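J.: Curious how this folds, go ahead:
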Amino acid sequence: DEPSALDNKTFLEHLKQLKAGQSIDMPQYDFGTHTDKRDTIRVHSAPVIIVEGILILTDPEIRKLFDLTVFVDVKPDIRLARRLERDVGERDRTWEESINQYLVSAGPMHDKYVEPGKEFADIIINNNGDEVDLKNSIITLQARIKEILGLCN
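T.: Next comes the predicted model:
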């Protein structure tokens, strides 16, 4: 949950290669063991490249390569509930471990690094459980994507 833990140099190079029409071998990360996996995944370039990550807007050089940025805004209590569900269900962690990590690391790091990224987003989607809000945000996002792709006037 801290930008210094990421290999932004490699990521930046890979993103440039994809934008240039080249394929890359994307490294994999094991969230259960907090280590890189040996295996990579071959990723081929495409007309639309979707990049996701909670820290993706922290690096100015990476931000320059995006045609559109989206920030998904979620209230802290909902983030914690979703984290607990994921950590216990998918990452073999206990409730106690997950709550402790949230209080000690993930929550403060969100406030320090993730939340400031909102100012760099072209579109902010509120994902707090209100379906009408979410649908309206998606309609806005779809229109912007079509505009970028030249599909509407």
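
J.: what does stretch 66-84 rub up against?
T.: Outside stretch 66-84, the residues within contact range by CB atoms under 8 Å, 6 or more residues apart in numbering are 51, 57, 63, 95, 98-99, 102, 106-107, 110, 117-118, 120-129, 141, 144-145, 148. (Each C-beta comes from the backbone N, C-alpha and C, glycine too.)

J.: Among these, name the ones in strands.
T.: When the contacts of stretch 66-84 are checked against strands (DSSP state E), the matches are 123-126.

J.: among the residues you listed, who's most crowded?
T.: residue 125 (18 neighbours; other CB atoms under 10 Å).

J.: residues touching it, list them.
T.: Residues near residue 125 by CB under 8 Å, 6+ apart: 70-73, 134, 137-138, 141.

J.: at 10 Å instead, please
T.: Residues in contact with residue 125 (CB atoms under 10 Å, 6 or more residues apart in numbering) are 70-74, 133-134, 136-138, 140-141.

J.: for residue 90, same thing?
T.: Applying CB under 10 Å, 6+ apart to residue 90 gives the contacts 31-32.

J.: any idea how far residue 23 is from it?
T.: Counting by CB to CB, to the nearest Å, the gap from residue 90 to residue 23 is 29 Å.

J.: swap in residue 131?
T.: Distance, residue 131 to residue 23, using CB to CB: 38 Å.

J.: Looking at these two, which one has more neighbours?
T.: A count of neighbours by other CB under 10 Å puts residue 23 above the other of residue 131 and residue 23, at 12 against 7.

J.: count of neighbours near the closest residue in space to the more buried one that isn't next to it in sequence?
T.: Nearest non-adjacent residue to residue 23, counting by CB to CB, 6 or more residues apart in numbering: residue 44, 4.7 Å away. For residue 44, the tally of surrounding residues (other CB under 10 Å) stands at 9.
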